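Enquirer: sequence? don't have it. structure:
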DNA sequence: CAGTTACGCTACGATACCGTATCGTATTAT
DNA sequence: ATAATACGATACGGTATCGTAGCGTAACTG
């Protein structure tokens, strides 16, 4: 009845790209296993070699999933890479500790920790590079980025509402003044990202 | 007498990598032309496709210089790319306008201008990506980076000497607080980098 | 002007990669 | 159990790399 070449995921309309239209618990067990193994191996390779250094053949070798099977799930290499990149990053939660200073301190400490320890930080430049030329990669990255900036915006807006910041505060600029220097240290100046440095940046921005 | 495969540059000891041991005015005219054409085409390709998207064959096509000639000048693709990358960027001068605020304003305006207009900004993520895995690319990038940060450090140190900043100012952190947010806007958040934004960042850092 | 030197061209060999086709087998759902 | 479905293995065809070899020609230098 159906096309024989691609796993059946048509029962529910496709929502996310890369054919994950079916909730994971209804999905055929074999499909779930293959997809997970492939995405894990892809992430691993991304960490090691960056976006442009990942090949489907190597993903197949590393994951133990046949290359043909990979192409049954993702129509092209770029679709697979987009899916894999969309799931990297350290999920951030929005603190609510009662004061702007405390919330900012918590967010900045978490960000500093992620930037110095998380493996995905080595991939990000290559993802941004891909986004410089591929609009759909830029879209995907935008969502990743907002996962980091949104909590900052939230706590800053709360701070404004509480009167801890002027009503005409430039929220986006303040976010940049907080996150920017940390990113700068990790990827551009490559100096050590210490707690003292983070404190100093906080002091300058909302001191 | 000599090896027939590689241009003769042995009269003076090699100083810079990628065989530019000979000053440009003593160099054989043909060598000078070839090197220049290749480096120009390479830079062009870097702007268009990023570090990992540049191939020697395409450089040869684009520059009109035979691939064999390219390999007579650079032993490997990576050496050529390193040379080409080392010359991108907008050379920065260190202002001396009498006050810290004026110097900072001048530097930040120039940086903001470069980040919004210069073509090399699209290549930088791929260079940083290369540096994440290749130490010699990281070294090359470090020199590029210092071209931007050094003028900031200079004017800040002068400001400290003048008493415009506390003697215990964390110079590196202040540089990060100034440059970081601008870099953040250009490559990470991709929001418009306006003069108002630059002013706000300056105000927060040295307000 | 003569000898040296750099260059262009073509042709390689080797490798890596993308994406597809085919066919038989194993697993899952019904 | 049985039919539907996903998977694995192998083998492709096509392209794009990297880097080298050989040979004739053009250009520069002294």
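Expert: Yes, it's here. For clarity, every value in this text was computed on a predicted model and none was experimentally measured.
Enquirer: C-alpha only now, for contacts and for neighbours.
Expert: OK.
Enquirer: need the residues of chain A near DNA strand C, please.
Expert: Contact residues (C-alpha under 7 Å from any atom of the strand) of chain A with DNA strand C: A:5, A:26-30, A:53-58, A:67-68, A:71, A:75-78.
Enquirer: how does it look with 10 Å?
Expert: Within reach of DNA strand C by C-alpha under 10 Å from any atom of the strand, chain A has these residues: A:4-5, A:25-33, A:52-60, A:66-72, A:74-81.
Enquirer: and stretch A:108-125, how far from the chain's centre?
Expert: Relative to its parent chain, stretch A:108-125 has a centroid offset of 11 Å by C-alpha atoms, centre = their mean, to the nearest Å.
Enquirer: select the longest helix from chain A.
Expert: Determined from DSSP state H, the single longest helix within chain A is helix A:135-162.
Enquirer: just checking, next helix/strand downstream of that one?
Expert: Remark: after helix A:135-162, the chain's next helix or strand is helix A:171-183, criterion DSSP states H and E.
Enquirer: buried ones in that next one?
Expert: By neighbour count on 16 or more other C-alpha atoms under 10 Å in any protein chain shown, the buried set for helix A:171-183 is A:171-183.
Enquirer: who are the packing partners of the following helix or strand past that helix?
Expert: Tracing the chain C-terminally past helix A:171-183 and defining elements by DSSP H and E, one meets helix A:195-206 next. Under the contact criterion of 3 or more C-alpha pairs under 8 Å, 6 or more residues apart in numbering or on different chains; DSSP states H and E, the helices and strands touching helix A:195-206 comprise helix A:100-117, helix A:171-183, helix B:171-183, helix B:195-206.
Enquirer: quick one: closest of the ones you listed to DNA strand D.
Expert: Taking C-alpha to the nearest atom of the strand as the criterion, helix B:171-183 is the member of the helices and strands packed on helix A:195-206 that comes nearest to DNA strand D, at 29.4 Å.
Enquirer: let me see the residues that make contact with that closest one.
Expert: By C-alpha atoms under 8 Å, 6 or more residues apart in numbering or on different chains, the residues outside helix B:171-183 that reach it are A:173, A:176-185, A:197, A:200-201, A:204, B:108, B:112, B:115, B:149, B:152-153, B:156-157, B:193, B:198, B:201-202, B:205.
Enquirer: ok, back up a step: which of the residues in the longest helix of chain A are buried?
Expert: A:137-138, A:140-142, A:144, A:147-149, A:151-160.
Enquirer: what do you get for stretch A:76-92?
Expert: Residues of stretch A:76-92 classed as buried by neighbour count (16+ other C-alpha under 10 Å): A:79-85, A:88-90.
Enquirer: how does chain A divide into domains?
Expert: A:29-86, A:100-206 (automatic domain parsing).
Enquirer: in JSON lines: the ones you listed, plus mean pLDDT.
Expert: Formatted as JSON lines, the domains of chain A follow (pLDDT from 0 to 100):
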{"stretch": "domain A:29-86", "mean pLDDT": "97"}
{"stretch": "domain A:100-206", "mean pLDDT": "97"}
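Enquirer: any idea how far residue B:70 is from residue A:201?
Expert: Using C-alpha to C-alpha, to the nearest Å, residue A:201 is found at 47 Å from residue B:70.
Enquirer: who has more neighbours, these two?
Expert: The residue with the greater number of neighbours, taking residue A:201 and residue B:70 and applying other C-alpha atoms under 10 Å in any protein chain shown, is residue A:201; the counts read 25 against 22.
Enquirer: ok, of the buried residues of stretch A:76-92, which one's closest to residue A:42?
Expert: In terms of C-alpha to C-alpha, no member of the buried residues of stretch A:76-92 lies closer to residue A:42 than residue A:84, at 6.5 Å.
Enquirer: my guess is residue A:43 contacts residue A:86. True?
Expert: No - here residue A:43 lies out of contact with residue A:86, judged by C-alpha atoms under 8 Å, at a distance of 10.2 Å.
Enquirer: got phi/psi on residue A:99?
Expert: Summarising the backbone geometry of residue A:99 under the convention degrees, to the nearest 10, its torsions are phi -140, psi 150.
Enquirer: and the closest residue to it other than its chain neighbours, what is it in contact with?
Expert: Nearest in space to residue A:99, with sequence neighbours left out and distances taken as C-alpha to C-alpha, 6 or more residues apart in numbering or on different chains, is residue A:159 at 7.1 Å. Contact criterion C-alpha under 8 Å, 6+ apart gives A:99-100, A:165 as the residues in contact with residue A:159.
Enquirer: just the buried ones from these?
Expert: For the contacts of residue A:159, a neighbour count by 16+ other C-alpha under 10 Å gives the buried set as A:99-100.
Enquirer: out of the contacts of residue A:159, the closest to chain B would be?
Expert: The closest of these to chain B turns out to be residue A:165 (C-alpha to the nearest C-alpha; 13.1 Å).
Enquirer: how about the closest one, what does it touch?
Expert: The neighbourhood of residue A:165, defined by C-alpha under 8 Å, 6+ apart, consists of residue A:159.
Enquirer: how much space separates it from DNA strand D?
Expert: For residue A:165, the distance to DNA strand D under the criterion C-alpha to the nearest atom of the strand, to the nearest Å works out to 52 Å.
Enquirer: same thing with residue A:123?
Expert: When distance is defined by C-alpha to the nearest atom of the strand, residue A:123 is 21 Å away from DNA strand D.
Enquirer: which one is that residue nearest to, not counting chain neighbours?
Expert: Nearest non-adjacent residue to residue A:123, counting by C-alpha to C-alpha, 6+ apart: residue A:50, 5.1 Å away.
Enquirer: check residue A:185 too.
Expert: Here the nearest residue to residue A:185 in space, its sequence neighbours aside, is residue A:191; by C-alpha to C-alpha, 6+ apart that works out to 5.6 Å.
Enquirer: now do residue A:190
Expert: residue A:184 (7.7 Å).
Enquirer: from residue B:72, how far out is the one you found?
Expert: Taking C-alpha to C-alpha as the criterion, residue A:184 is separated from residue B:72 by 38 Å.
Enquirer: more neighbours, the two?
Expert: A direct count of neighbours by other C-alpha under 10 Å for residue A:184 and residue B:72 places residue A:184 higher, at 22 against 15.
Enquirer: around chain B, pick out the residues from chain A.
Expert: Counting by C-alpha under 8 Å from any C-alpha of the partner chain, the residues of chain A close to chain B are A:49-50, A:52, A:122-126, A:128-129, A:132-133, A:142, A:145, A:173, A:176-185, A:187-189, A:197, A:200-201, A:204-205.
Enquirer: alright, that wraps it up for me.
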